[in-house]
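> here you go, sequence then predicted model.
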There are 4 protein chains.
Amino acid sequence: MGRSIRMRLHQIMEPAVEGDRASKVFDVGIMALIVVNVLAVILETVKSIESEFGEILYRFEVFSVAVFTVEYALRLWSCVEDDRFARPVLGRLRYMVSPIALIDLLAVLPFYLPLFLALDLRFIRVLRLFRIFRLFKIGRYSESMKRMGAVFRKKKEELGLAVFIVLILLVFTSCIMYYVEHEAQPEAFSSIPRAMWWGVATLTTVGYGDVYPMTAIGKVLGAVIALLGVGMVALPAGIIASGFAEEIHASREEAKLVCPHCGKTFDAAKDGDA
Amino acid sequence: MGRSIRMRLHQIMEPAVEGDRASKVFDVGIMALIVVNVLAVILETVKSIESEFGEILYRFEVFSVAVFTVEYALRLWSCVEDDRFARPVLGRLRYMVSPIALIDLLAVLPFYLPLFLALDLRFIRVLRLFRIFRLFKIGRYSESMKRMGAVFRKKKEELGLAVFIVLILLVFTSCIMYYVEHEAQPEAFSSIPRAMWWGVATLTTVGYGDVYPMTAIGKVLGAVIALLGVGMVALPAGIIASGFAEEIHASREEAKLVCPHCGKTFDAAKDGDA
Amino acid sequence: MGRSIRMRLHQIMEPAVEGDRASKVFDVGIMALIVVNVLAVILETVKSIESEFGEILYRFEVFSVAVFTVEYALRLWSCVEDDRFARPVLGRLRYMVSPIALIDLLAVLPFYLPLFLALDLRFIRVLRLFRIFRLFKIGRYSESMKRMGAVFRKKKEELGLAVFIVLILLVFTSCIMYYVEHEAQPEAFSSIPRAMWWGVATLTTVGYGDVYPMTAIGKVLGAVIALLGVGMVALPAGIIASGFAEEIHASREEAKLVCPHCGKTFDAAKDGDA
Amino acid sequence: MGRSIRMRLHQIMEPAVEGDRASKVFDVGIMALIVVNVLAVILETVKSIESEFGEILYRFEVFSVAVFTVEYALRLWSCVEDDRFARPVLGRLRYMVSPIALIDLLAVLPFYLPLFLALDLRFIRVLRLFRIFRLFKIGRYSESMKRMGAVFRKKKEELGLAVFIVLILLVFTSCIMYYVEHEAQPEAFSSIPRAMWWGVATLTTVGYGDVYPMTAIGKVLGAVIALLGVGMVALPAGIIASGFAEEIHASREEAKLVCPHCGKTFDAAKDGDA
C-alpha cells in the first residue's frame, strides 16, 4: 500500500494530466506560492515595505521554506516511481543532481545554511540572492520556459557562431578605441576591458552616455563602428526570435503537404528538415 | 415612421457602406472633430497657447462635448437596430457596456462629472486626462486600429509567452544587479524594484544613462546581460511585427496559382511553407 | 540639324545606355561633381577648413553653379525630345514642375536669389541650406535611390498604417506621462508636446537621457511603455526592410514555377500576387 | 625525402582533415595560443595586472612571437606544396601577399620593427595596436569567420545599396540639424561633421546623450528624423542577419521532399518561394 501512496503522490506532484483534479490543485498552489515568493523577495528590499511588513514577510519566508522543504523531501521519496530514477539509492542520488532537483534544493538551502554553519555576513547576503532561484521552480510547469529551453538547444550551433562573431567584433573595436581615446580620456578608457564597457554600450545601442569618444578621430571611428556593428549584435537576438517563432509554429500544427504526383498527404517538416 | 428614421440614423452613424453619401459625410466629420479635439487637448497644455487661445479652446471643448453627447444619445437610441442589441431595455444596457460605447462615454463624462459632483481638484485633473480617450473613438472608423486589435487577438498566446519570458529575465537580472551594485550605489540600486528600472532601460536599449553599474563586477554582469538580453526583449516586438505583416498579407488575397498551361489551380502557400 | 544636336544632347544627358561612351562620361562627371559638392558643403562649415580654404571653396561653388546652370538650361532645351514633354512651351513648363527638374532648380537657385533680390541675412542662411538638395540630383543616376522610392511607393499602405499606429501610441503615452510627471518635473514635462519629446526618445530607444520619469509611478508607467512600445516603433522599420529585401529579390530574377500537373514553367510572381 | 617532410608539414599546418591527429593537435595548440595572446594583450592594459604580471606577460609575448615567427617561416617554406603557390620564388611571393599570410606577418612584425629601426614612441604605440590582428589568425580555423566572410561576399550588392542610403540619410539629416541648432548650440553643432556625430548616435539609437537638439524646431525635426530614420539604419543589420540565416540554412542541406507514397522527389523550396 505504501507503494500506491507513493505512486499517487508522484502523479500529483508531476505536472497534471488531463482530468486529475488533485494534481491540478497542487500545481496551481505551488505556482502561486512561487510567484508570491518572488514578489516577497523583490518587495522585501524596499525599505518602507521592509520596515512595516518585515515581520509578516519573514513569517511568509519561513512558511514557504517549510512548504518547499516538504515538497523537496516528498519528491526525493517518490522520484523512484520515475523509470529514470527507479533504483532506491542510486536513483535518488541521480535525481538529486538533476537540474530541476538542484533548483529545488537551491530554493531552500540558503535558509538552512546559516542555521548550521557559522557564516560571515557577506556570504549570508550572497545566499539570500539565491532565493531568486525559486523563480526557476516555475520551469517545471511553464510551457514557455520549456520552449525557451528547446529553442536554445535547437539553435545552439547558430547562437555559438553569432556570439563568437560578436565577441571578436567587441574585442577588436574596443582595442582600437582604447588606443585612440586612451590619452584623451585616461580614466574612461584606462584599459581595454574598460573600453569594452563602451563597446558593449555602443554595439547593443544601450548608450548610457557615461563613456563616449571625445577626440575627433575617436568620434569618426566610433561612428563607423556604431553604423556597422549594430547589425552584428542583433544577430543572436534574431536567431532566438526566429527559433522561437519556428517553435511556436511547429507546436501548433505539423505542416501537411499534398504530393502533386499521387495526391496523398504527408508530413513535410520531418522529411524537409532531414 | 419613427422606426425608419431610427434605422436611417443607424445606417448613417455606422461606418459608411459604398455609395452612402450622408453616412460618409458623418464619418469624415466625426473623425475630423476627433483629430482636432486631440490636437486641442495637446496644445492646451502649452502655456503660451493656453494663455492666448484658452477662451477659444474652452468653447471648442464645450462644442465638442455637445456634439459627442448628442452622438452618444443618438447611438444609444438607434443601437436597437443592431441585431445584437435588439431588445429595447436590455439591448441598450448591453450596448452601454460594450467597449466602443464605454469609450464614447469616457470621452464626454469627464466634462459632466465636476458639474454634478463636488470633486476635489486632484481628481478633476485626472478626469481631464480621460479626454485623451477620445483618441480611441477613431477606432470605429480606422481600419488600422481594427487590424492592430486583430493582431493582438491572434498572437495573444505567443505574446503571452514572450512577455512572460521578458518578465522572468527582467526580475532575474535586476535581482542580481541589486545584490552586486547595492553597496556601491545605495541610492540608484536601493531596492530590487529600482534595479528593475535599470533593467528595463538596459534590456530595451533605451539607456537613459541615469542608472548604470559602477563596480567592476557590476559592469561585467551588466555587459553580459545587455549582450544576451537585448534579443529577448525584441521578441514581443518581432511577434507583433510578423503578425502585422501576416495580417496585411492575408487581407490582400489568398495566393492562388493558376497554371496557365493546363488551367488547374494549386495553392502555392501550402506547398511552399513546408 | 538643330534637332539632331538636341536629340544627341538629350541622349547624353539621360542615364547612359549600354555602349554610349559620351553619355557615360557625362553621367560619371556630373555624379563626381555632385559628390565633391556635397563634401564641400559639409567641410565649409568646419571653421579651420573655411578659414584656410574658404577662397577655393567659394570658387568651386561658383564653378559648380555655372555647370549646374548650364546643365539645367540644356535639359530644359532638350526635354522636348522626351515624349512626355514634347510640346515646345507647355511641355517645357511641365518638365519644369517635375520633381527631378525642381531638384535641379533648387540646386542652383540659392546662389542666384541674393544677387537679384534684397534678402535679409536670415533668409540667405536658409537658402544656403538648400544647397544640400544637390545631394538628390544623384537620384537620377542612382539605382538604389530609385529602388528606395519604389519600396516606399509599394509599401505606402502598410507604412501609412504603421505610422498611424505609432503616432497614436506616441500621443497616448505622452499624454499619460505628462499628467503623471508634470508636477514633479514642471520644466521637462511642461506640456504634452514636450512630453512627446520624451516619448520619441523612449519609443525609438534612442534614450538621450535629457528627459526621463522621476516619480515612482512615472517610472513604472515608463517601464511598461518602453517594454510594450519598443515593438510598435520597429514596425515601419520592419516594413521598409522587408520591402527592400523583396525589391532586391524581385530585381534579381523572376521566380519560375514548374506546374506539377503538366510540367511546364510559368511566372509565379505575376499570378501569385494577383 | 626533404620534399616528403615539407608535404607532411604542410598537411599538419593546414586545417586538420578527419583522422589526422598531429594536424589536429597543431591546430588546437595554435588556436589556444592565439586566444591566450589576445587575452594577454587585453589584460596588459590593466594597470594593476601590468604592474604585477608585467614581467610574465612580456616573456609570454616573446615566446608567442617566437612561435608565430617559426610558424610563419615554416608556412612560407611549405606553401609551395599548395598548387596555387607551386613555383619556388614567385609562388612564395604570391603567398606572402595573400590576406591570410599578411595577417600572419602583421602578428609578428610589430615586435621586430623597433629592434631594427629607430622609431619614435608614438609609432611604437601604434605598432602595439597591430598585435590585436593576431585575433584574425583564428580565421584560418574558424568556420564562423569563414561564413561571415561568405555572407559579406554574397550580400555585398545589397549591403552597398543599404550603406549608400544610410549615408545619404545621415548627410541630409545632419545638414538640416546643423542649420537648425547651430545658433543655439554653437559648440555641439559647430559644423556639419559634428552634427553627423549627433546623427549617428540618433539613427543607430545609441543616444549617448552628449548631443541632442535643444530648440523647439530642432526637437520636432529630431523626433521626425528619429521615428523615420531608425528603420533605415536597421537595413544593413537586417541584410547581414538574413544572409547569415541563409548561410546556415544552406550549409545544412538542401530541402528535398520525398513523397512517401510514390517515392518521387520534388523540391519544396522552388514551389514554395513563388
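Yes, it's here. The model shown is predicted, which means the values in this text are computed figures rather than measured ones. Residues are numbered from 1 along each chain as shown, chains lettered A, B, ... in the order given.
> now the nearest residue to A:Thr45 once chain neighbours are set aside: phi and psi?
In space, not counting the residues next to it along the chain, A:Thr45 is nearest to B:Ser191; the distance is 4.1 Å by C-beta to C-beta, 6 or more residues apart in numbering or on different chains. Every residue, glycine included, has its C-beta placed from N, CA and C. Torsion angles at B:Ser191 (phi, psi; degrees, to the nearest 10) stand at phi -160, psi 170.
> so B:Ser191 makes contact with A:Ser48?
No - with contacts counted by C-beta atoms under 8 Å, B:Ser191 stays clear of A:Ser48, the gap being 9.2 Å.
> tell me which stretches of chain A form strands.
Assigned by DSSP state E, the strands in chain A fall at A:256-258, A:265-267.
> from chain C, how far out is A:Gly243?
18 Å (C-beta to the nearest C-beta, to the nearest Å).
> burial of that residue, as a residue count?
21 (other C-beta atoms under 10 Å in any protein chain shown).
> what's the spacing between it and chain B?
From A:Gly243 to chain B the distance is 10 Å (C-beta to the nearest C-beta).
> which residues does that residue contact?
A:151-152, A:154-155 (C-beta atoms under 8 Å, 6 or more residues apart in numbering or on different chains).
> skipping adjacent residues, who's closest to A:Ile138 in space?
In this structure, A:Ile138 finds its nearest non-sequential neighbour in A:Ile34, 5.2 Å apart by C-beta to C-beta, 6+ apart.
> for A:Tyr179, that is, sorry about that
Nearest residue to A:Tyr179 in three dimensions, chain neighbours excluded: D:Leu129, at 4.6 Å (C-beta to C-beta, 6+ apart).
> so the one you found is in contact with A:Ser174, correct?
No - in this structure D:Leu129 lies outside contact range of A:Ser174 using C-beta under 8 Å: 11.8 Å.
> what number of residues lie near the closest residue to A:Arg140 other than its chain neighbours?
Leaving aside its sequence neighbours, A:Arg140 sits nearest to A:Ile100 (C-beta to C-beta, 6+ apart; 6.1 Å). Residues within reach of A:Ile100, counting by other C-beta under 10 Å, total 12.
> pLDDT value on A:Ile100, please?
For A:Ile100, the pLDDT comes out at 86.
> what does A:Val62 give?
pLDDT for A:Val62: 92.
> more neighbours, B:Ser191 and A:Ser48?
Between B:Ser191 and A:Ser48, counting by other C-beta under 10 Å, B:Ser191 is the more crowded of the two (19 against 9).
> show me the contacts for the more buried one.
Contacts of B:Ser191 (C-beta under 8 Å, 6+ apart): A:42, A:45-47, B:178.
> what stretches of the stretch 101-250 of chain A score poorly on pLDDT?
Counting by pLDDT under 70, the stretch 101-250 of chain A has low-confidence residues at A:231, A:234, A:237-238, A:241, A:245, A:248-249.
> what parts of it come near chain C?
Taking C-beta under 8 Å from any C-beta of the partner chain as the contact definition, the stretch 101-250 of chain A meets chain C at A:205-209.
> still on that earlier bit, so which of the contacts of B:Ser191 sit within helices?
A:42, A:47, B:178 (DSSP state H).
> for A:Arg122, see how far away the nearest residue to the last one once chain neighbours are set aside is.
Yep, that's B:Tyr178 we're talking about. Nearest non-adjacent residue to B:Tyr178, counting by C-beta to C-beta, 6+ apart: B:Ala195, 3.9 Å away. Separation of B:Ala195 from A:Arg122 (C-beta to C-beta, to the nearest Å) stands at 19 Å.
> and those two? Which one has more around it.
Legend: neighbour count by other C-beta under 10 Å for B:Ala195 and A:Arg122, higher for B:Ala195 (27 against 8).
> so who does A:Ser142 touch?
By C-beta under 8 Å, 6+ apart, the contact list for A:Ser142 reads B:Phe164.
> follow-up on the earlier one: neighbours around the residue nearest to A:Tyr179, how many?
As a burial measure, D:Leu129 scores 15 neighbours (other C-beta under 10 Å).
> what sits against it?
Going by C-beta under 8 Å, 6+ apart, the list of residues near D:Leu129 reads A:175-176, A:179.
> coming back round to it: PyMOL command to pick out the buried ones of the contacts of B:Ser191?
The following PyMOL line selects those of the contacts of B:Ser191 that are buried, judged by 16 or more other C-beta atoms under 10 Å in any protein chain shown:
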select buried, (chain A and resi 42+45+46) or (chain B and resi 178)
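> can I get the contacts of B:Ser191 in a markdown table with distance to B:Leu228?
A markdown table is the format used below for those (distance: C-beta to C-beta, whole Å):
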| residue | distance to B:Leu228 |
| --- | --- |
| A:Ile42 | 21 |
| A:Thr45 | 24 |
| A:Val46 | 27 |
| A:Lys47 | 31 |
| B:Tyr178 | 18 |
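> from the contacts of B:Ser191, pick the one nearest chain D.
Distance ranking of the contacts of B:Ser191 against chain D, using C-beta to the nearest C-beta, places B:Tyr178 first at 24.2 Å.
> and the gap between that closest one and B:Pro193?
From B:Tyr178 over to B:Pro193 the distance is 9 Å, taken as C-beta to C-beta.
> overlap in contacts, the two.
Common neighbours of B:Tyr178 and B:Pro193 (C-beta under 8 Å, 6+ apart) are A:Thr45.
> ok, back up a step: quick check: the residue nearest to B:Tyr178 touching B:Phe172?
No - applying C-beta under 8 Å as the test, B:Ala195 and B:Phe172 come out as separate, 11.1 Å apart.
> ok, longest helix in chain A?
Chain A, longest helix under DSSP H: helix A:216-252.
> quick one: it to helix D:216-252, angle?
60 degrees (axes from the mean of the first three to the mean of the last three C-alpha atoms, to 10 degrees).
> show me how far helix A:216-252 is from its chain's centre.
How far helix A:216-252 lies from its chain's middle: 21 Å, per C-alpha atoms, centre = their mean, to the nearest Å.
> and the helices in the stretch 51-200 of chain A, which stretches?
A:88-96, A:99-116, A:121-130, A:134-137, A:143-154, A:156-181, A:192-203 (DSSP state H, counting those that start in this stretch).
> give the other helices and strands that the fourth one contacts.
The contact analysis (3 or more C-beta pairs under 8 Å, 6 or more residues apart in numbering or on different chains; DSSP states H and E) places helix A:134-137 against helix A:21-44, helix A:47-78, helix A:99-116, helix B:156-181.
> does the longest one reach chain C?
By that I understand helix A:47-78. No - judged by C-beta under 8 Å from any C-beta, helix A:47-78 makes no contact with chain C; its nearest approach is 10.7 Å.
> could you list the buried residues of that helix?
Per 16+ other C-beta under 10 Å, helix A:47-78 contains these buried residues: A:49, A:57, A:60-61, A:64-65, A:68-69, A:71-72, A:75-76, A:78.
> do the same with the last one
Residues B:158-159, B:161-166, B:168-181 are the ones in helix B:156-181 that count as buried (16+ other C-beta under 10 Å).
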